[in-house]
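Participant: next one to model:
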Amino acid sequence: MSTAIDATTTPAEVVAEGPGSGQDRARRGESLTGWAFAAPFAVLFVLFLVVPAIYGLYLSFTGETLTGSGGELLGFANYAEALTDPDMWKSLGNTLWFTVLSTVPLVLLSLAFALLVNLGLPGRWLWRLSFFLPYLLASTVVVMFWSWMYNPKLGLINGVLGEFGIAPVAWLQDPNVAMISVVVTTLWWTIGFNFLLYLAALQNIPEQQFEAAAIDGAGKWRQLFSIVIPQLAPTTALIVTLQILASLKVFDQIYMLTNGGPAGATRSIVQYIYESGFTGYRFGFSSAISYLFFAIIVLVSLAQYKLINRRNAA
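Facilitator: Numbers count the residues shown, from 1 in each chain. Model (predicted):
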């Protein structure tokens, strides 16, 4: 497409308007500036995430050990062994059970606490701080605190139960209650994050909706189920997704509280991967389990994504 040039146009103006004009050079300069800012992150991303991920995938097809021996290719032998390993399946079952036990109360209780604080209780800043402060603690501090709480002889929980004539409970040594004890610790530690997300979402609901509902005769319970819960649906979907993914990757509190015991009753799949690689010295085998677990996480994420999209479309 040609551009007409009248007789009064100077050669300098023709050059400025051409394809090699200063505007084009400015746009290229801005693009290069953007790439320059992104380059440090891109380099670190490739070096510390992409390259290790590719190398880990390669290791899963080898017999590589921590000592550096056995690096020959084994094909899918590690994957076949992992799929027939009862300890792997038990660890995966423990992880799924922990996810179910922790996700439900972490969603429901955080919503309940956010609703109570949003009612206008006195000292709202203190309530917000009280619920969120444990989330800021390091896992080692949380584990040390709850280890003393769960102590069979000196712990506060058994001390309170003893006042009511209830026999002491071995909270971390009994396979029947060890996982529940870990869940309670996780609940106390991480509920503050979900609580803040719900509280922020509640404060974004327009007050006019409640006023209109009150004029129409809707009570508090009707407003809760007809206004609040539907308005919180996107936040709930986000919290459930984040919580499931976080629970599937649980490691710290279980490793430090019970070390996967008693008798493997609380050992998570991440801990089993760690033990296979750094205790059993089998990097190839642990890498294979890692990628099987990664496939499970991807499938769970895709299923949640489809459910959320289907709900939004409806």
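
Participant: tell me how far the helix or strand harbouring residue 192 lies from the chain's centre.
Facilitator: Assigned by DSSP states H and E, residue 192 belongs to helix 178-203. With C-alpha atoms, centre = their mean, to the nearest Å as the basis, helix 178-203 stands 12 Å off its chain's centre.

Participant: name the helices or strands packed onto that helix?
Facilitator: Helices and strands touching helix 178-203, by 3 or more C-beta pairs under 8 Å, 6 or more residues apart in numbering; DSSP states H and E, are helix 86-118, helix 124-132, helix 139-149, helix 233-248, helix 252-257. For glycine as for every other residue, the C-beta is placed from the backbone atoms N, C-alpha and C.

Participant: please work out which of these is packed deepest.
Facilitator: helix 252-257 (a mean of 20; mean count of other C-beta atoms under 10 Å).

Participant: mind giving me the packing neighbours of the helix or strand just after that one?
Facilitator: On the C-terminal side of helix 252-257, the closest following helix or strand by DSSP H and E is helix 269-274. Using 3+ C-beta pairs under 8 Å, 6+ apart as the contact criterion, the neighbours of helix 269-274 among helices and strands are helix 86-118, helix 252-257, helix 283-313.

Participant: so where's the stretch 151-300 of the chain shaky on pLDDT?
Facilitator: Along the stretch 151-300 of the chain, no part satisfies pLDDT under 70.

Participant: go again using 90 as the cut-off
Facilitator: Where the stretch 151-300 of the chain drops to pLDDT under 90, the residues are 153-154, 203, 205-227, 234, 237, 261, 263, 280-281, 300.

Participant: which element is residue 37 on?
Facilitator: Element membership of residue 37, judged by DSSP H and E, is helix 22-45.

Participant: residue nearest the centroid of this protein?
Facilitator: residue 246 (3.2 Å; C-alpha atoms, centre = their mean).

Participant: excluding chain neighbours, what is closest to that residue?
Facilitator: Distance criterion C-beta to C-beta, 6 or more residues apart in numbering; nearest residue to residue 246, sequence neighbours excluded, is residue 190 at 7.6 Å.

Participant: roughly how far out does the helix holding residue 37 sit from the chain middle?
Facilitator: Mean-position distance between helix 22-45 and its chain equals 32 Å (C-alpha atoms, centre = their mean).

Participant: any idea which helix or strand comes after it?
Facilitator: Sequence-wise, the next helix or strand downstream of helix 22-45 (DSSP H and E) is helix 51-59.

Participant: and residue 225, how far is that from residue 218?
Facilitator: According to C-beta to C-beta, to the nearest Å, residue 225 stands 10 Å off from residue 218.
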